[in-house]
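> structure here, sequence nowhere to be found:
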Ligand code: SF4
């Protein structure tokens, strides 16, 4: 490092600039036609050390994690001669981080990145300064940090930090970690990060970097995923294994709940457990919906777990019918499992338009009202005069389910039976998943029979919480006194008290 560490470490923002929408009518139907009727993972993180042009690997990793966030992406990298550089962009990874002119500005063997989905309240209001990774300069050098999850005491921390003189650059909760690190009296950046994260509550899978180290940390409950991979002499950290596959990295293991792993540019790994040990509470919805089906969680493919959910669903909720059809694409593995267990033929009764992404058609009210029809179409020849079981991953507000039911009946189906591969979603998530407010969740205000009437279907059944636990590999089901997973959006039992939300008036479920 040179005589002036600040000169060496200053992150170069030359490649960070505001990118307005490509066209005033550039309207993303793939996201907006669900009217908040789908749960969205809010972030994906990826980092790599010990490879030439690490930023290219990070761009590929982020592309594989695009399902976890489509609004914006960012990469920070470090080169021994060129210091830290960064780029943050709105939009898809493929539209930004494939340009040679941009990637040439991101040299070096160490890089981290982040893809972001904005929360319902901030959709379309995100500023480029809210796009991660965040960068901070400390007396011992610079550090960048990217975070997947949600800090449940961020408001209180932000208030305290501002009162003590911190100046925030963004509206993102994750910036609290940088300010807490700045106030720590520890000697090294990893030690400062430990210090900072001990003050943070909620769910956090963090990927961070210094000039020579890649760092990964999972919160003590391990709510959000983080995995380690090996590529040549280097290492990668990723939200999911599917992003290791795309760069040709070998899956090594999952980062343990509460573990901090520090990997040097020489390939040395140090693992510590900086937090008080607690039973893990991984997000069970990652199995149902968020993770890609080709990822591995807990030693089993997500696809196989979802197929097993369909098997359990068929055992718990049998019905006489002619066809089992998935609601594409997330209902597909569960529908296959339902069909295999029930013996009722599987059919692609609904076809997804694979190319329905961004469109330049002016989003008139009429086109908006087409909603689901722009994305999904019924295979009429298959459906006519049939009793159809539709398998979907979840029911959030119910608006999409109603439209799909209408399309199936319009196509001449005799009966429509909904089977749902998760229990009723009756509580919001405060751990990094975008959910509507509680009163907007159909299951928060209606019984199962009321939901059936509201959707206008012949039958509606959900997998039980115990059945879901069995399907994800817990043979004995859910342990009521110590659940093996976070299932708060179904049970209302929050493993970490959502302090900020309680302060804002959220009422938790009363203890039984
Ligand atoms: S509340 Fe639901 S979506 Fe959120 S972490 Fe828990 S299980 Fe996952």
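On my side now, so go ahead. Note that the coordinates shown come from a computational prediction; the quantities given were computed from them, not determined experimentally.
> quick one, longest strand in this structure?
Scanning the chain for the longest strand, with DSSP state E as the assignment, gives strand 141-151.
> gap between that strand and the chain center?
Relative to the centre of its chain, strand 141-151 is centred 16 Å away, using Cα atoms, centre = their mean, to the nearest Å.
> right, and the helix or strand after that strand?
helix 154-163 (DSSP states H and E).
> show residues contacting the following helix or strand past that next one.
Next helix or strand after helix 154-163 toward the C-terminus (DSSP H and E): helix 175-183. In this structure, residues lying in contact with helix 175-183 by Cβ atoms under 8 Å, 6 or more residues apart in numbering are 134-136, 138, 143, 145, 147, 151, 154, 157-158, 161, 164, 166, 168-169, 189, 192-193, 195-197, 199-200, 206. Every C-beta, even on glycine, is put in place using the N, C-alpha and C of the backbone.
> what residues of helix 175-183 count as buried?
By neighbour count, and taking 16 or more other Cβ atoms under 10 Å as the criterion, the buried residues in helix 175-183 are 175-181.
> and the two most separated of these?
Checking the buried residues of helix 175-183 against each other with Cβ to Cβ, the farthest-apart pair comes out as 175 and 181, at 10.6 Å.
> flag the helix or strand of this protein with the lowest per-element mean pLDDT.
When the helices and strands of the chain are compared on mean pLDDT, DSSP states H and E, strand 27-28 comes out lowest with a mean of 34.
> ok so, going back, near the ligand too, which of the contacts of helix 175-183?
Applying Cβ under 6 Å from any ligand atom to the contacts of helix 175-183, one finds that nothing falls near the ligand.
> point out the other helices and strands that the helix ranked longest in the chain packs with.
The single longest helix within the chain, with elements called by DSSP state H, is helix 302-316. Helices and strands touching helix 302-316, as assessed by 3 or more Cβ pairs under 8 Å, 6 or more residues apart in numbering; DSSP states H and E, comprise helix 332-342, strand 415-420, helix 465-471.
> out of the ones you listed, flag the one nearest the ligand.
Of all the helices and strands packed on helix 302-316, helix 465-471 sits nearest to the ligand, with 10.2 Å by Cβ to the nearest ligand atom.
> avg pLDDT for that closest one?
Predicted confidence along helix 465-471 averages 98 (mean pLDDT).
> so which elements touch it?
helix 302-316, helix 488-491.
> please redo it, this time with the cut-off set to 6 Å
Of the remaining helices and strands, those touching helix 465-471 by 3 or more Cβ pairs under 6 Å, 6 or more residues apart in numbering; DSSP states H and E are helix 302-316.
> can you pull the buried residues of the helix it packs on?
Of the residues in helix 302-316, those buried (16+ other Cβ under 10 Å) are 302-303, 305-314, 316.
> circling back to that earlier point, so which of the buried residues of helix 175-183 reach the ligand?
Of the residues in the buried residues of helix 175-183, proximity to the ligand by Cβ under 6 Å from any ligand atom holds for none.
> which one of these is nearest to residue 108?
For the buried residues of helix 175-183, the closest approach to residue 108 (Cβ to Cβ) belongs to residue 178, at 20.7 Å.
> how close does that closest one get to residue 89?
When distances are taken as Cβ to Cβ, to the nearest Å, residue 178 and residue 89 turn out to be 21 Å apart.
> swap in residue 507?
39 Å.
> more neighbours: which of these two?
With neighbours defined as other Cβ atoms under 10 Å, residue 507 and residue 89 compare such that residue 89 has more, 22 against 8.
> and that one, bridged to which residues?
residue 73 (DSSP bridges).
> equivalent analysis for residue 48, please.
Beta-bridge pairing for residue 48 (DSSP bridges): residue 111, residue 236.
> wait, isn't it in contact with residue 57?
Yes: under the criterion of Cβ atoms under 6 Å, residue 48 makes contact with residue 57 at 4.6 Å.
> looking at those two, which is more packed in?
The neighbour comparison of residue 48 against residue 57 (other Cβ under 10 Å) goes to residue 48, with 33 against 26.
> how about the residues of the stretch 151-300 of the chain near the ligand?
Contact residues, the stretch 151-300 of the chain versus the ligand (Cβ under 6 Å from any ligand atom): 223, 283-285.
> switch to 8 Å and redo it
Taking Cβ under 8 Å from any ligand atom as the criterion, the stretch 151-300 of the chain approaches the ligand at residues 203, 223-224, 281, 283-286, 290.
> can you check the stretch 301-450 of the chain too?
Proximity of the stretch 301-450 of the chain to the ligand is confined to 425, 427-433, 435 under the rule Cβ under 8 Å from any ligand atom.
> ok and the residue in the stretch 251-400 of the chain nearest the ligand?
At 3.2 Å from the ligand, residue 283 is the closest residue in the stretch 251-400 of the chain, using Cβ to the nearest ligand atom.
> residue contacts, that residue?
Taking Cβ atoms under 6 Å, 6 or more residues apart in numbering, we find residue 283 in contact with 223, 486.
> distance between the ends of stretch 315-323?
Its start and end residues considered, stretch 315-323 measures 16 Å (Cα to Cα, to the nearest Å).
> got the buried residues for it?
Going by neighbour count (16+ other Cβ under 10 Å), the buried part of stretch 315-323 is 316-317, 321-323.
> who does residue 283 bridge with?
Beta-bridge partners for residue 283, by DSSP bridges, are residue 486.
> quick one: the strands in the stretch 351-500 of the chain?
Ranges of strands in the stretch 351-500 of the chain, per DSSP state E, counting those that start in this stretch, are 358-359, 376-378, 387-392, 415-420, 433-434, 459-462, 485-486.
> in TSV: those strands, plus mean neighbour count.
As requested, the strands of the stretch 351-500 of the chain are exported to TSV (neighbours: other Cβ atoms under 10 Å):
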stretch	mean neighbour count
strand 358-359	17
strand 376-378	19
strand 387-392	25
strand 415-420	24
strand 433-434	23
strand 459-462	20
strand 485-486	26
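> how about those in CSV, adding mean pLDDT and distance to residue 218?
What follows is the strands of the stretch 351-500 of the chain, written out as CSV (pLDDT from 0 to 100; distance: least, Cβ to Cβ, whole Å):
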stretch, mean pLDDT, distance to residue 218
strand 358-359, 44, 34
strand 376-378, 90, 36
strand 387-392, 98, 30
strand 415-420, 98, 29
strand 433-434, 86, 16
strand 459-462, 98, 30
strand 485-486, 98, 13
